[in-house]
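Student: One predicted model, sequence on top.
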Amino acid sequence: MTKIIVLTDLHMVPEGGRIIGLDPYTRLQKGIQHINRHHPDADCVIITGDLTHKGDLESYTRLKALLTPLVCPYYLLIGNHDRRENFIEVFPNQGMDENGFIQSAITCQQGVLLLLDTLYAPPYEFPKSYSGLLCEKRMAWLKNQLEQAKVQQRDCFIFMHHPPHATGFVGMDAIALSNAKEFYNLVLQYPQVKHITAGHVHRTISGNHKGISYSVFKSTCHQQPLIFNADDTSLSVDEPAAYGLIMLSPDAVQVHTEDFEISGVNQTVVGNDEINGH
Ligand SMILES: [Fe+2]
């Protein structure tokens with residue numbers, strides 16, 4: 001069994017910064033404390049991008065200090081709110097491929113975790129760079145990893161910031177992975193790809209696209225309201241922050257979410273004869 005905690009869309013800001021009145025720092029701090037208290041046995045924490053709100057060095061530095069107390073190893077991906085060069089300056093030891101993209105393959109008991117870099121930059125040209133891209137070099141890296149996994153008969157679990165599929169939110173679907181068709185043309189050649197995990201949408205979503213199951217998790221800060229037909233990609237609400245928990249076993253992927261700020265696990269949990277069986 002492999003136990004993976006997924007945090008996403010941290011949107012760290014410089015000291016004193018707020019997003020819709022929320023402090024990304026204190027919300028994430030509560031999440032880290034919750035993970036350390038309840039899941040110190042996790043194999044790793046994977047953070048699926050939008051580590052910072054504006055990609056500045058101060059925010060990455062604050063984030064690095066905040067992550068230091070995590071008791072399990074952590075791996076970072078970048079998203080459209082990040083700046084790759086600033087990220088590398090503060091986190092020089094995070095995984096990087098031979099072309100300088102933040103991509104790595106992590107071997108675990110149940111297979112290999114493929115962490116992808118979908119940042120559509122540089123150049124940082126907005127709104128184009130809000131979308132994701134796996135360029136020719138990144139696709140070649142992914143193909144190589146999938147080939148290796150095929151030879152080694154290992155299952156693959158993909159993590160990326162931009163969903164490579166529609167999620168139902170019109171505005172967010174317009175800034176998903178821009179070369180999703182090419183991505184699926186590749187991964188569908190490898191039946192060992194068992195699950196795809198993404199961020200970007202700030203909402204808990206699960207489903208199946210072209211036969212591959214997927215999960216998208218809530219932000220640790222601000223959330224996407226359940227409004228489907230809006231072109232505005234900045235709609236944000238103050239709903240409880242959450243993290244995802246993925247359990248991998250030889251024949252299953254279990255996906256859980258924990259709203260860590262309102263989690264009942266912090267209460268004294270007792271059995272009750274009147275509610276046997278829930
Ligand atoms: Fe985000």
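Tutor: Good, I have the coordinates. Numbers count the residues shown, from 1 in each chain.

Student: what's the nearest residue to residue 124 if we skip its chain neighbours?
Tutor: residue 83 (7.3 Å; C-beta to C-beta, 6 or more residues apart in numbering). In short, each C-beta sits where N, CA and C put it, glycine included.

Student: you'd agree that neighbour is up against residue 55?
Tutor: Yes: Residue 83 lies in contact with residue 55 (C-beta atoms under 8 Å); the separation is 3.1 Å.

Student: ok, now how distant is the closest residue in space to residue 216 that isn't next to it in sequence from the ion?
Tutor: Ranked by C-beta to C-beta, 6+ apart and with sequence neighbours excluded, the top spatial neighbour of residue 216 is residue 205, at 4.1 Å. Distance of residue 205 to the ion, computed by C-beta to the ion, to the nearest Å: 14 Å.

Student: Residue 205 touches residue 167, doesn't it?
Tutor: Yes: using C-beta under 8 Å, residue 205 is in contact with residue 167, at 5.2 Å.

Student: Now for these two: what residues contact both?
Tutor: When contacts are counted by C-beta atoms under 8 Å, 6 or more residues apart in numbering, the set common to residue 205 and residue 167 consists of residue 216.

Student: quick one: contacts for the residue nearest the centre of the chain?
Tutor: Most central in the chain under C-alpha atoms, centre = their mean is residue 48, positioned 2.4 Å from the mean C-alpha point. Counting by C-beta under 8 Å, 6+ apart, residue 48 touches 6-9, 77, 79, 159-161, 197-199, 217.

Student: rewinding a little: state the pLDDT value of the residue nearest to residue 216.
Tutor: Looking at residue 205, its pLDDT reads 98.

Student: Give the burial count for it, as a bare number.
Tutor: 18 (other C-beta atoms under 10 Å).

Student: what's the answer for residue 167, then?
Tutor: Around residue 167 there are 20 residues (other C-beta under 10 Å).

Student: From the ion, how far off is it?
Tutor: 13 Å.

Student: before we move on, what about residue 221?
Tutor: 8 Å.

Student: To what extent is that residue buried, counted in neighbours?
Tutor: Residue 221 has 27 neighbouring residues, counting by other C-beta under 10 Å.

Student: got the contact list for the residue nearest to residue 124?
Tutor: 52, 55-56, 121, 124.

Student: can you list the residues of the stretch 1-150 of the chain near the ion?
Tutor: Within the stretch 1-150 of the chain, the residues that sit near the ion (C-beta under 5 Å from the ion) are 9, 50.

Student: Would you map the helices across the stretch 1-150 of the chain?
Tutor: 24-38, 57-67, 84-90, 136-152 (DSSP state H, counting those that start in this stretch).

Student: Nearest to residue 101 among those would be which one?
Tutor: helix 136-152 (5.5 Å; C-beta to C-beta).

Student: And residue 214, which helix or strand is it part of?
Tutor: strand 212-216 (DSSP states H and E).

Student: Report the buried residues of the helix or strand that that strand is followed by.
Tutor: Next helix or strand after strand 212-216 toward the C-terminus (DSSP H and E): strand 243-249. The neighbour-count criterion (16 or more other C-beta atoms under 10 Å) identifies 243-246, 248 as the buried residues of strand 243-249.

Student: same thing with stretch 77-85?
Tutor: Result for stretch 77-85 [16+ other C-beta under 10 Å]: buried residues 77-84.

Student: For the residue lying closest to residue 154 once chain neighbours are set aside, list each beta-bridge partner.
Tutor: The spatial neighbour of residue 154 that comes closest, neighbours along the chain excluded (C-beta to C-beta, 6+ apart), is residue 111 at 4.4 Å. Taking DSSP bridges as the rule, residue 111 bridges to residue 108.

Student: And the pLDDT at residue 111?
Tutor: Note for residue 111: predicted pLDDT of 97.

Student: before we move on, what about the one 3 residues further on?
Tutor: The predicted local distance difference test score for residue 114 is 98.

Student: cool, residue 274 as well?
Tutor: Looking at residue 274, its pLDDT stands at 81.

Student: Surely it is in a strand?
Tutor: No: if the criterion is DSSP: H, G, I helix; E, B strand; the rest coil, then residue 274 is helix and not within a strand.

Student: For it, list the residues it contacts.
Tutor: The contact partners of residue 274, taken as C-beta under 8 Å, 6+ apart, number zero.
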